[in-house]
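[1] Have a look; sequence and predicted model below, questions after that.
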Amino acid sequence: MPKMLVVNYDKCTGCRLCELVCSVKHEGVSNPSRARIHITKWEMEGIMMPMVCNQCEPAPCIDACPTNARSWDEHLGRVVIDYDRCIECKTCVAVCPFGAVSFDHVAGRIISCDLCDGDPACVNFCETEAIQYVDASEINKRRQREAAEKLYESMRKFTMAPAG
Amino acid sequence: MKVIVIGNGVAGNTASSTIRRLDGQAEITIISEEIYPEYSPCALPQYLAGELSRPNVFLRTKRDYSRERTKTIFGQKVTSISPEDRRVSLDTTSLTYDKLIIATGSKPVMLPIKGTNLDGVFPLKSLGDADQIFHYTGNTAVIIGSGPIGVETSVALSKRGLQIYLIEVLNRIMPRVFDETPSSLLRGILEERGVRVLTGEKVISIVGNGKVEGIVTDKHRIKCDMVVLGAGMKPNIELAQQSGVNIGALGGIAVTQQMMTNLDNIYACGDCVETEDRASGEHTLSLLWHNARRQGEVAGYSCSGVPKSYLGSENITSLDIFGVHAVSFGSIEADGNQHQDIEVIERFLGKNYYRLIIAQSRLIGAQSIGNAQDMGALLCALIRRDNLSEIKRAIDKKTLPLNPLYYRIARCLGPNIRRL
Ligand SMILES: Cc1cc2nc3c(=O)[nH]c(=O)nc-3n(C[C@H](O)[C@H](O)[C@H](O)COP(=O)(O)OP(=O)(O)OC[C@H]3O[C@@H](n4cnc5c(N)ncnc54)[C@H](O)[C@@H]3O)c2cc1C
């Protein structure tokens, strides 16, 4: 069974080590802006959120790609990109619901999580195990959704005044 | 089951592949008046710019068709359809079908001006057009019409070293895709790179002796060696219309959500049909790749007896203008319904610009220049027609981008809502 990344927001301390190791592994430099995972912080509320490709299936980015450059890799359960076909229209960047596809301005190409070909560096370096690499079972997918629900509830408290 | 697909674009090919997936026995034939296997028209500007090699424009090889056991008839035009005896006539032969899929796409809008027949005047729709532009020599090109294709062509030819004049009859570029502020930001980027942008200016004629020598507008005379017509595309419906297929009010083939036409066993999909806009619920001619593909998929399902519904078109424009990312979703303020109270939220954040169009507490459009990584979550809210009063409060409180609430919206909606 393919595996998936699961993020546990409660455990993330916002240390950003994942961003560093991701850029080192893929681009050979320590530069968070070139990472494929990003920590979104709401400092005041203490919310830390690692944002990374959800490897959606079906995926909006694949659906919208006008040159079939993005496709689904059954074997690893991930979205892959064919740079020979990519025209850098960045439609994938614009339609990703998670903001998890980006354009690397240094290398001049679209990047998103490739699960490090099955051995994700961010998981290996995450000290609090906020990011885990687990079987893509229905149970784990549900757990992922529930984590998001919980996060939403905690955010509501901060962002929304009671109705009326 | 004998299936004939007229059209070898993304709609026709997706329909054909979908049928093959569902039915190993179907006899499928794709007919195209063009001679090439499937390619992406969206890649043509990058081919013109010299950024993408010609072979990479193609999405399939002849072998891919035979592997799928799909017959092809390329280089022949379908001249008529007779629904009574389920037959299509081509230039030199005729064929019968059990099911017919019309995926004849779109064609360039021709301007009612003199001189469009001169040597050196090209539309940009097909690979054949792109090849001609690519090999045409000259120093100066005029692009008439500033829709996304006109702008992309200007960028591409400018990268190849040509002096470009981009001419738009309305008062801003990409007038149907961007409102005033983002449009003028984009104009600035083009001008910075040497593209001469002329708006509020109407081309009256193209002049030359056999070959283009210049154009005349209501304000200027401009010398040039080449003219690219970028006045937009319209559904290619003549064949369908002549066969008794109903045409909708906007000029596209009228179809049900299952991509069925009014005639038995005849389906239609892609740029040639008109559909409903998923966000506004209004009728639309979308003429966009992702919509054509999904329509093709639904047509394929329907043809194979598996009823699926097309949920509507999504108006998504995304283009790169000299390295700057420009995005527009849904409606713009300028085409907003007069009866609605339209509210606009505008933000400049560093080099990035965001604009949200809101009507009756719903997001009906969003535009961005620069970073677009938050746009996808907004697209979900737009398509879902979510009530934004809560979200708006959060927007007021926090700044874009990176508002986790957006992500949360997206996460709870999931990507599946965007599918058929
Ligand atoms: C330069 C350019 C850039 C674009 N960029 C983008 C972009 O970035 N994003 C996006 O979403 N969209 C873009 N589009 C639009 C997109 O390409 C179209 O929406 C899409 O290709 C439509 O596919 P289709 O299969 O419906 O039709 P088409 O691609 O138009 O295919 C129609 C097919 O029908 C055949 N045909 C027509 N009539 C007959 C006949 N009588 N007999 C036989 N064959 C016939 C044609 O030969 C052709 O094979 C762009 C278009 C162009 C031209």
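    Looks like it came in fine. Residues are numbered from 1 along each chain as shown, chains lettered A, B, ... in the order given.
[2] so B:L198 sits right up against B:H220, yeah?
    Yes - counting by CB atoms under 8 Å, a contact exists between B:L198 and B:H220, whose distance comes to 7.2 Å. Bear in mind the C-beta positions are built from the backbone N, C-alpha and C, glycine included.
[3] Those two: which has the busier surroundings?
    Taking B:L198 and B:H220 together and counting by other CB atoms under 10 Å in any protein chain shown, B:L198 has the greater number of neighbours (19 against 13).
[4] Would you mind measuring from that one to B:G232?
    As defined by CB to CB, to the nearest Å, B:L198 lies at a distance of 18 Å from B:G232.
[5] Give the full set of residues in contact with the residue most central in space within chain B.
    Within chain B, one residue has its C-alpha closest to the average C-alpha position: by CA atoms, centre = their mean, that is B:L288, at 3.1 Å. For B:L288, the contacting residues are B:S313, B:E314, B:N315, B:I316, B:T317, taking CB atoms under 8 Å, 6 or more residues apart in numbering or on different chains as the criterion.
[6] for the nearest residue to A:L20 once chain neighbours are set aside, what are its contacts?
    Nearest-residue entry for A:L20: A:S30, 5.1 Å, with adjacent residues in sequence omitted and distances by CB to CB, 6 or more residues apart in numbering or on different chains. When contacts are counted by CB under 8 Å, 6+ apart, A:S30 touches A:L20, A:S23, A:V24.
[7] pLDDT score for the residue nearest to the centre of chain B?
    B:L288 is assigned a pLDDT of 97 by the prediction.
[8] what's the answer for A:I39, then?
    Here the pLDDT value assigned to A:I39 is 87.
[9] Could you check how far the closest residue to B:I81 other than its chain neighbours is from A:S71?
    Taking CB to CB, 6+ apart, and ignoring the residues beside it in sequence, B:I81 has B:S243 as its nearest neighbour in space, at 3.9 Å. In this structure, B:S243 and A:S71 are 36 Å apart, going by CB to CB.
[10] residues contacting the residue most central in space within chain A?
    By CA atoms, centre = their mean, chain A has its centre lying nearest to A:V52, at 0.8 Å. Contacts for A:V52 (CB under 8 Å, 6+ apart) come out as A:L5, A:V7, A:R36, A:I37, A:H38, A:F98, A:A100, A:C113, A:C122, A:I131.
[11] Next, give phi and psi for it.
    Dihedral pair for A:V52: phi -150, psi 160, per degrees, to the nearest 10.
[12] distance of the closest residue to it other than its chain neighbours from A:K25?
    Sequence neighbours aside, A:I37 is the residue nearest to A:V52 in space, at 4.3 Å (criterion: CB to CB, 6+ apart). Spatial separation of A:I37 from A:K25 under the definition CB to CB is 11 Å.
[13] out of these two, which sits in the busier spot?
    Set side by side, A:I37 and A:K25 show unequal neighbour counts under other CB under 10 Å, the larger going to A:I37 at 25 against 18.
[14] which stretches of chain A have low pLDDT?
    Within chain A, the segments meeting pLDDT under 70 span A:42-45, A:145, A:147-164.
[15] and it, which residues reach the ligand?
    Contact residues (CB under 6 Å from any ligand atom) of chain A with the ligand: A:P66, A:C89.
[16] Let me see the ranges of the helices in chain A.
    Listed in chain order, the helices found in chain A under DSSP state H are A:17-27, A:60-64, A:91-95, A:121-125, A:138-159.
[17] Can you tell me the closest non-neighbouring residue to the residue of chain A found nearest the ligand?
    Each residue of chain A has a distance to the ligand, by CB to the nearest ligand atom, and the smallest belongs to A:P66, at 4.3 Å. With CB to CB, 6+ apart as the measure, B:C42 is the residue that lies nearest to A:P66, at 3.6 Å, once sequence neighbours are left out.
[18] so that neighbour, which of the three states?
    Using DSSP: H, G, I helix; E, B strand; the rest coil, the three-state assignment for B:C42 comes out as helix.
[19] Quick check, the residue in the stretch 251-400 of chain B closest to the ligand?
    With CB to the nearest ligand atom as the measure, the residue in the stretch 251-400 of chain B that lies nearest the ligand is B:G270; the distance is 2.3 Å.
[20] that older thread, ok, the residue nearest to A:V52 touching A:C122?
    Yes - look at A:I37 against A:C122 with CB under 8 Å: they come within range, at 5.4 Å.
[21] shared neighbours, those two?
    Looking at what touches both A:I37 and A:C122 (by CB under 8 Å, 6+ apart), the common residues are A:C18, A:C22, A:P50, A:V52, A:I131.
[22] Between B:S243 and A:S71, point out the one with more neighbours.
    Using other CB under 10 Å, the more surrounded residue of B:S243 and A:S71 is B:S243, with 19 against 14.
[23] Contacts only, for that one.
    Neighbouring residues of B:S243 by CB under 8 Å, 6+ apart: B:S80, B:I81, B:S82, B:P83, B:L263, B:I266.
[24] Out of the helices of chain A, flag the one nearest B:L239.
    Each of the helices of chain A was scored for nearness to B:L239 using CB to CB, and the closest is helix A:60-64 (28.6 Å).
[25] when you scan that closest one, is anything in it near chain B?
    Yes - Helix A:60-64 lies in contact with chain B when judged by CB under 8 Å from any CB of the partner chain; the contacting residues are A:P60, A:D63, A:A64.
[26] Could you list the contact residues of chain B toward the ligand?
    Close to the ligand, as judged by CB under 6 Å from any ligand atom, chain B has residues B:6-12, B:31-34, B:41-42, B:44-45, B:77-78, B:103-106, B:124-125, B:149, B:236, B:239, B:270-271, B:287-290, B:292.
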